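A.B. asks: Model the structure of this input:
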Amino acid sequence: MGADAWVDGEWVLQHQRWYWLLGRWVKVPEGAVYAPWVVVRATDGTPYYAPSMWRNASGAPVPAPPGLAFAKASGEAVVSPEGDAEDTGRALKTPPRSRPHPAPPPAPP
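C.D. replies: Residues are numbered from 1 along each chain as shown. Predicted coordinates for the structure are as follows:
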């Protein structure tokens with residue numbers, strides 16, 4: 001295993017619902033690199049979510065390392081542009097296996 005590294009929190013889609021995956025400290029797998037999540041747009045402007053991923057030196061995906069310590073969720077409401085509280089569900093500590101999906105809601109403060 002390599003050094004410890006901080007991985008920021010991110011939105012993940014699991015069972016047709018968005019969840020906030022808490023930021024965490026991980027032990028970096030030997031020779032692996034981390035690609036953070038991004039929102040990209042197709043040529044027609046449709047936004048797609050590309051989840052984070054760990055890759056080995058040859059570019060093949062490797063399993064995400066387990067978290068060593070986790071950020072704490074604030075418990076504060078996420079508010080819509082109209083000022084209404086949004087139900088964002090629960091926060092996760094384990095990343096689901098994922099592939100590109102429509103864009104998630106904005107990150108919590």
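A.B. asks: in the chain, which ranges drop under the pLDDT threshold?
C.D. replies: 1-2, 75, 88-109 (pLDDT under 70).
A.B. asks: residue farthest from the centroid of this structure?
C.D. replies: Farthest-out residue of the chain from its mean C-alpha position, per C-alpha atoms, centre = their mean: E82, at 25.7 Å.
A.B. asks: what pairs with the helix or strand harbouring V40, and is each one parallel or antiparallel?
C.D. replies: Using DSSP states H and E, V40 sits in strand 38-41. According to DSSP bridges, strand 38-41 forms sheet pairs with strand 47-50 (antiparallel).
A.B. asks: Next secondary structure element downstream of the strand it pairs with?
C.D. replies: In N-to-C order, the element after strand 47-50 by DSSP H and E is strand 53-55.
A.B. asks: Show me what that following strand is in contact with.
C.D. replies: With C-beta atoms under 8 Å, 6 or more residues apart in numbering as the test, strand 53-55 has contacts from 29, 32-35, 61-65. Bear in mind the C-beta positions are built from the backbone N, C-alpha and C, glycine included.
A.B. asks: Does anything pack onto the next helix or strand after it? Which helices or strands?
C.D. replies: Moving toward the C-terminus from strand 53-55, the next helix or strand (DSSP H and E) is strand 61-62. Using 3 or more C-beta pairs under 8 Å, 6 or more residues apart in numbering; DSSP states H and E, the elements in contact with strand 61-62 are strand 53-55.
A.B. asks: Sitting in helices, which of the contacts of strand 53-55 do you find?
C.D. replies: In this view, these have no member that belongs to helices under DSSP state H.
A.B. asks: Tell me the bridge partners for V78.
C.D. replies: Beta bridges link V78 to E86, judged by DSSP bridges.
A.B. asks: So what's the residue count around A5?
C.D. replies: 14 (other C-beta atoms under 10 Å).
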